[in-house]
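>>> This is the structure alone, sequence omitted:
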């Protein structure tokens, strides 16, 4: 593969190359040099885009963190907490394309095999939760409501991603998210009921 | 300090020595050899008790994971989800002593300064949540209810730890946890209301 002098799509190429190599050869066994080589780039370019080997798996999370906050900020002024979360998931829909869906399954396999990767994923998840919580606070939610909303939102997001990955149709992500959130809201209202 | 030939309290001594050194000199700067030396033990003993330097900070979480599951399993047969979580926190109370309370503040300072430590803490938190969720499933909760219960339970736990650490009295941990859970339950019933 020819090494481009400049590559506007370098980030995406590095992400795709890394995922392929992690699945083919294992996360531990893959080096940054191999990822850069597969992408037709060099190590220095890799480190311009990602701080370390783990980060190449989590560019999507960084983007979602921003999209969630945008969605909540732009929700209608009288939106309820669940409507704010729906707005966050609707905003995230632009990043959760059918192409991303194919990659999501690969990423789950890589993370399942490596606890370092899981740890980084959890750090990203915690940041996403803090972003949701901060956006809810900006709308006037009290601290506990904002933190609860963020945890319920992140759980709805996880469940929706699982359903979206496992679905045998092309239902867009925001529909899965709306359904998961509604399922959780029903149960949240009933925490004091018998199991 | 004399090096004991055997030390039934080696684990506790290593934990205390590590925390002191992390606070005094920084987490990154402290070596396992220094921790062992401060505890009057050797490196080999350290690695019999802990897989790596980060683990020495999280023995408490491993114990709590088991106590939470025990509490839920032993709750009365007709307990509601929130009563199961209260039982988990009551069981955890034995480990969350006033002595642990003093150490908790040190651990928060160490974690705040090091993202590797935060990542490990999040992995432990995820395991605690899975333990709660599995224990709720064993009592017949459906999967979503169990996962929601685990997230609400872990959030109540975090809030209770913050309040317990910050309190100017010696109110025992389970009382803080019961109050935090009750605060969250009230908000959870109201996710569909205006912010």
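Done, it's in. Source: prediction; values computed, not measured.
>>> what does chain A put close to chain B?
Contact residues (CB under 8 Å from any CB of the partner chain) of chain A with chain B: A:78-82, A:84, A:115, A:118-120, A:122-123, A:125-126, A:136, A:139-141, A:144-145, A:147-149, A:151-152, A:154-155, A:159, A:183-185, A:187-189, A:191-195. Yep, even glycine has a C-beta here, placed from its N, CA and C like the rest.
>>> Narrow those to those in strands?
Among the residues of chain A next to chain B, no residue falls in strands (DSSP state E).
>>> and those residues, which are buried?
Buried subset of those (neighbour count, 16 or more other CB atoms under 10 Å in any protein chain shown): A:79-82, A:84, A:118-120, A:122-123, A:125-126, A:136, A:139, A:141, A:144-145, A:147-149, A:151-152, A:154-155, A:159, A:183-185, A:187-188, A:191, A:195.
>>> Spatially central residue in chain A, please.
residue A:61 (3.6 Å; CA atoms, centre = their mean).
>>> That residue - nearest residue in space that isn't next to it in sequence?
residue A:124 (3.9 Å; CB to CB, 6 or more residues apart in numbering or on different chains).
>>> From chain B, how far out is residue A:173?
Going from residue A:173 to chain B by CB to the nearest CB, to the nearest Å gives 18 Å.
>>> contacting residues for the residue nearest to that residue when sequence neighbours are not counted?
Sequence neighbours aside, residue A:96 is the residue nearest to residue A:173 in space, at 3.9 Å (criterion: CB to CB, 6+ apart). By CB atoms under 8 Å, 6 or more residues apart in numbering or on different chains, the contact list for residue A:96 reads A:164, A:172, A:173.
>>> Would you double-check that residue A:96 falls in a strand?
No. Applying DSSP: H, G, I helix; E, B strand; the rest coil, one finds residue A:96 to be coil, outside a strand.
>>> Just list the residues touching residue A:131, thanks.
Contacts of residue A:131 by CB under 8 Å, 6+ apart are A:65, A:66, A:68, A:69.
>>> got a winner among the residues you listed for most neighbours?
residue A:68 (26 neighbours; other CB atoms under 10 Å in any protein chain shown).
>>> can you pull the pLDDT of it?
Note on residue A:68: pLDDT of 97.
>>> swap in residue A:6?
The model's pLDDT for residue A:6 equals 63.
>>> related to what we said a few turns ago, can you pull the phi/psi pair for the residue nearest to residue A:173?
The phi/psi pair for residue A:96 (degrees, to the nearest 10) reads phi -100, psi 70.
>>> neighbouring contacts of the helix or strand of chain A with the lowest mean pLDDT?
Ranked by mean pLDDT, DSSP states H and E, the helix or strand of chain A with the weakest confidence is helix A:98-112, at a mean of 88. With CB under 8 Å, 6+ apart as the test, helix A:98-112 has contacts from A:15-16, A:19, A:22-23, A:27, A:57, A:60, A:117-118, A:121, A:161, A:164-165, A:170, A:173.
>>> In helices, which of these appear?
Among those, the members found in helices (DSSP state H) are A:15-16, A:19, A:22-23, A:60, A:117-118, A:121, A:161, A:164-165, A:173.
>>> What sits closest to residue A:122 if chain neighbours are left out?
The nearest residue in space to residue A:122 (CB to CB, 6+ apart) is residue B:122, at 3.8 Å.
>>> go on, residue A:141?
Leaving aside its chain neighbours, residue A:141 sits nearest to residue B:195 (5.0 Å; criterion: CB to CB, 6+ apart).
>>> how about the one you found, what does it touch?
Residues counted as contacts of residue B:195 (CB under 8 Å, 6+ apart) are A:79, A:80, A:81, A:84, A:136, A:139, A:140, A:141, A:145.
>>> surely residue A:146 meets residue A:138?
No. With contact defined as CB atoms under 8 Å, residue A:146 does not reach residue A:138; the gap is 9.1 Å.
>>> Settle it for me: which of those two has more neighbours?
residue A:146 (22 against 12).
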